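**Q** sequence and predicted structure are below.
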Amino acid sequence: MKSLLIYSRMWPPQLGYGTYKITESLSKESLKIAFDAGYRHIDCAAYYGNEAFLGIALSELFKTYNRKDFFITSKIWPTMMQNVKDQLLITLQDLQIEYLDLYLIHQPIVWDMDTQSISKKSLEQVWVEMEGCQRENLTKNIGVSNYSTKLVTELLNYCTIKPFMNQIECSLEFQNDKVIKFCIEHNIHVTGYRTLMKSQGTFDNISELKQMATKYNKTIPQIVIKWHLQKWPKNYSILVKSANKSRCQQNIDINDFALTKEEMIFLQTLDQNKRTCPGLPEWKLEMNE
């Protein structure tokens, strides 16, 4: 269990705790549950609108826990990219920490709020500013999110500092193998989000998943988490979230079993190449290119 949560100083723990939609009223309780359960990879974003609330919770928790044992990520939203350093400083102030472990470009586009259109500022220019933030030690690493193989290739051609991570959607219905394989081959860590999601309904009506859960005495989410980390054992992590103490612990408790080859093959067949998080349509993000 502990191996899933250990921060190696090279890569983040395999299981991360997502903070999307965590409200002010739940921020302290949710993070305390996650910290106490052993989560050390915490994923945030300016767009989520809750970093100030999370910062209050973090400042309290870091009176007990050592900040150096945690891998904290945040992201810059397309409408905030006119000055990357200024936005990162706001995030640090909100989170009440001195540095990030990772700062990501949240979406592969720069948006001009004044004209309500794509900005003249390029992603390459944004990346230069991201590199500056790393050189100033405001963040230990920089990376991207929702980048296709084409966009990652372009980035590798113009970057001075290589991206540490590409955070992308990955679920049973949208397995995103092409992007994951490409990034891992280029030694870029991948973190999957919406990892337990289904486009419609739940996985409870899939009899084979129910049979696996019964066989291993696990929940269906535990089976899905195991599938993720067994399929991609290196350079890959996933984000999960629960404010429920028992579920938070259950998500970690997956080291005492392994799925069979036949079970892994079956789970692969559930891929529909169908995103559960389509993003803003006008941006036409093709994350599986």
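**A** Okay, I see it. Numbers count the residues shown, from 1 in each chain.
**Q** other SSEs contacting the helix-or-strand element of the chain with minimal mean pLDDT?
**A** Every helix and strand of the chain was ranked by mean pLDDT, DSSP states H and E. The lowest is strand 117-118, at a mean of 85. Where contact means 3 or more CB pairs under 8 Å, 6 or more residues apart in numbering; DSSP states H and E, strand 117-118 is packed against strand 111-112. To be clear about C-beta, it is placed using only N, CA and C from the backbone, and glycine gets the same treatment.
**Q** can you list contacts of the strand it packs on?
**A** Under the criterion CB atoms under 8 Å, 6 or more residues apart in numbering, residues 78-79, 81, 117-121 lie in contact with strand 111-112.
**Q** give the contact list for residue 186.
**A** 152, 156.
**Q** in the strand or helix carrying residue 36, what counts as buried?
**A** Element membership for residue 36, per DSSP states H and E: helix 24-37. The neighbour-count check on helix 24-37 (16 or more other CB atoms under 10 Å) flags 27-28, 30-35, 37 as buried.
**Q** quick check, nearest of those to residue 86?
**A** residue 27 (24.3 Å; CB to CB).
**Q** so what pLDDT did the closest one get?
**A** Residue 27 carries a pLDDT value of 90.
**Q** ranking by neighbours, what's the top pick from the contacts of strand 111-112?
**A** residue 81 (23 neighbours; other CB atoms under 10 Å).
**Q** assess the claim that it and residue 87 are in contact.
**A** Yes - under the criterion of CB atoms under 8 Å, residue 81 makes contact with residue 87 at 7.4 Å.
**Q** quick one, phi/psi of the nearest residue to residue 213 once chain neighbours are set aside?
**A** Once flanking residues are discounted, residue 213 sits nearest to residue 220: 5.1 Å by CB to CB, 6 or more residues apart in numbering. Here is the backbone geometry of residue 220 (degrees, to the nearest 10): phi -60, psi -40.
**Q** counting neighbours, what do you get for residue 220?
**A** Count around residue 220 with other CB under 10 Å applied: 16.
**Q** check contacts around it.
**A** Counting by CB under 8 Å, 6+ apart, residue 220 has contacts 203-204, 209-210, 213.
**Q** which one in this structure is furthest away from the centre?
**A** Most distant from the centre of the chain: residue 115, at 30.3 Å, with distances by CA atoms, centre = their mean.
**Q** what is the nearest residue to residue 165 once chain neighbours are set aside paired to in the beta sheet?
**A** Distances taken as CB to CB, 6+ apart place residue 143 nearest to residue 165, at 3.6 Å, with adjacent residues excluded. Counting by DSSP bridges, residue 143 is bridged to residue 104.
**Q** was I right about residue 143 contacting residue 168?
**A** No - contact criterion CB under 8 Å: residue 143 and residue 168 do not qualify, at 10.9 Å.
**Q** contact partners for residue 139?
**A** Going by CB under 8 Å, 6+ apart, the list of residues near residue 139 reads 88, 99-103, 133.
**Q** distance-wise, check it relative to residue 84.
**A** 10 Å (CB to CB, to the nearest Å).
**Q** ditto for residue 219
**A** Taken as CB to CB, the span from residue 219 to residue 84 is 40 Å.
**Q** those two: who's more crowded?
**A** Shown here are residue 219 and residue 84; by other CB under 10 Å, residue 84 has more neighbours (23 against 15).
**Q** which ones are touching the more buried one?
**A** Residue 84 touches 76, 126, 129-130, 132-133, counting by CB under 8 Å, 6+ apart.
**Q** just residue 169 next, same as before
**A** 146, 176, 192-194, 275-277, 287 are the contacts of residue 169 under CB under 8 Å, 6+ apart.
**Q** bridging residues for it?
**A** Beta-bridge partners of residue 169, as defined by DSSP bridges: residue 193.
**Q** I figured residue 165 was touching residue 104, is that so?
**A** Yes - the pair formed by residue 165 and residue 104 meets the contact definition of CB under 8 Å, at 6.8 Å.
**Q** between these two, who's got more neighbours?
**A** The neighbour comparison of residue 165 against residue 104 (other CB under 10 Å) goes to residue 104, with 27 against 23.
**Q** any of the contacts of residue 169 buried? List them.
**A** Counted by 16+ other CB under 10 Å, the contacts of residue 169 give 146, 176, 192-194, 275, 287 as buried.
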